[in-house]
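Visitor: Need coordinates for the following:
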Amino acid sequence: VLAGEAVAEGRVAELGEWVGLLGGVEPLLGRRVLDREADTARTQRRRSWVVPSELAAVLVGRIPALFHCGVHEVLLATLAGAIGHQRPGAASRLVDIEGHGREALGDVDLSRTVGWFTSNHPVRLDVTGVRLDDAMTGGPAAGTLVKAVKEQVRAVPGDGLGYELLRYLNPETGPVLEAAPAAQIGFNYLGRFATSSSENSAQPWQLAGDTAMGGSTAPDIPSM
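Guide: Residues are numbered from 1 along each chain as shown. Below is the predicted model:
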């Protein structure tokens, strides 16, 4: 199914838009490029934060309602603003957006499958012209930032699934996208989900435990 979609006329027609979105040069974000031998899951450093419930309620409820957007777009606006604020020369950045990927399979019955479906595509977040100092303090520019990123997230070619189809499953378009710049930042919003302590609460789709959230990565796998 996916191999056939990758060579479909409509998907191939997206190539020019993807190349334009990726641009010509993506400045190095860190001190050096990643080394697949040295930079592995074992050597990664992690940071985590817990947002107070009253702020989380605004983040997942009030702001998306006010700006008619999703929680992931609010979070991406925050990420774009933080990068631009810390690195003034990096106002425009590619970010890989990871999604659940099931929409690529259409009406295929997934109830008897095991594993993780995922999709991935780049977006270009550009905060040029946004007053980031004002946005960081909750001023009017914060709204400008959310609106700008919302539009950029929704401006990807088609439904976003074409990028990986053309990059990995089409032998003619694959080399073109391989030669283009790649994102150095990955983003995944897992959404909201209920937790239950009941021993008899198994559902057709549910989290497999704490390791399903990233703790089960093999230590020697290269960093992404």
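
Visitor: out of everything not next to it in sequence, what's closest to G30?
Guide: Q184 (7.5 Å; C-beta to C-beta, 6 or more residues apart in numbering). Every C-beta, even on glycine, is put in place using the N, C-alpha and C of the backbone.

Visitor: Quick check, the one you found in contact with I83.
Guide: No. Shown here, Q184 and I83 do not form a contact pair, counting by C-beta atoms under 8 Å, at 10.5 Å.

Visitor: The protein: strands as residue ranges?
Guide: 92-99, 119-126, 186-187 (DSSP state E).

Visitor: by how many degrees do the second one and strand 92-99 diverge?
Guide: Strand 119-126 runs at 150 degrees relative to strand 92-99, counting by axes from the mean of the first three to the mean of the last three C-alpha atoms, to 10 degrees.

Visitor: pLDDT on strand 119-126, on average?
Guide: Averaged across strand 119-126, the pLDDT comes to 94.

Visitor: any idea how far it is from the chain center?
Guide: 6 Å (C-alpha atoms, centre = their mean, to the nearest Å).

Visitor: picking that back up, backbone dihedrals for the residue nearest to G30, please?
Guide: Backbone torsions of Q184, given as degrees, to the nearest 10, read phi -110, psi 0.

Visitor: Count residues in the vicinity of it, would you?
Guide: Q184 has 17 neighbours, counted by other C-beta atoms under 10 Å.

Visitor: What pLDDT is listed against the residue nearest the centre of the chain?
Guide: The structure's the chain has its C-alpha centroid closest to I97; by C-alpha atoms, centre = their mean the separation is 1.7 Å. Per-residue confidence (pLDDT) for I97: 94.

Visitor: That one: what's it in contact with?
Guide: Applying C-beta atoms under 8 Å, 6 or more residues apart in numbering, we find I97 in contact with H72, L76, N120, H121, P122, V123, V153, G160, F187, N188.

Visitor: Skipping adjacent residues, who's closest to the first one in space?
Guide: With C-beta to C-beta, 6+ apart as the criterion, H72 has its nearest non-adjacent residue at 3.9 Å, and that residue is Y189.

Visitor: could you list every residue that touches that neighbour?
Guide: V71, H72, L75.
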